[in-house]
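>>> The following comprises the amino acid sequence and a computationally predicted model.
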Amino acid sequence: MRAGEELPPLEIPVTRTLIVAGAIASRDYQDVHHDAELAKAKGSPDIFMNILTTNGLVGRYITDHFGPTAVLRKVAIRLGAPNYPGDTMVLRGTVETVGTGPDGETATVRVVGANGIGKHVTGTVTVTLPPGGAA
């Protein structure tokens, strides 16, 4: 792992099932995440993904790349354009910094997830690979 390294992109189809299952799994019962009619009544064109699902997908993106020994130390994200059903979110990442400490190598990765209408998520993830961990 080195500063400037780009992670391969990850395409995630945004389905109704993904949106609803993510909301239920994170105990977010807001109607805008599962009821299209109520979401429309509140001014949204459809249901949309919640931040906890996005947070989990960002974490998955990092651990898919760095492997099962990777430890997420910090995930700091901000939402932008909503993820609506039928779109695809593409996650991309770039290693910003790398350091070594008693727990292993630590990197800060800038992550951006974009969909058809813009940037859905931006932020950084700090990840540590224990000594002997694969990257």
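All right, it came through fine.

>>> Residue 91 against residue 14, yeah?
No. Counting by Cβ atoms under 8 Å, residue 91 does not reach residue 14; the two are 11.9 Å apart. The way it works is simple: take the backbone N, C-alpha and C, and place the C-beta from them, glycine included.

>>> Which residue lies nearest the spatial centre of the chain?
residue 58 (2.2 Å; Cα atoms, centre = their mean).

>>> what's the strand or helix carrying that residue in contact with?
Assigned by DSSP states H and E, residue 58 belongs to helix 51-66. Contact partners of helix 51-66, identified using Cβ atoms under 8 Å, 6 or more residues apart in numbering, comprise 1, 7-8, 10, 12, 18-19, 22-23, 25-26, 28, 70, 72, 75, 77, 79, 83, 89, 91, 93, 109, 111, 113, 120-121, 123, 125, 127, 129, 133, 135.

>>> buried subset of these?
By neighbour count, with 16 or more other Cβ atoms under 10 Å, the contacts of helix 51-66 hold 1, 7, 10, 12, 18-19, 22-23, 70, 75, 77, 79, 83, 89, 91, 93, 109, 111, 113, 120-121, 123, 125, 127, 129, 133 as buried.

>>> Thanks a lot, catch you later.
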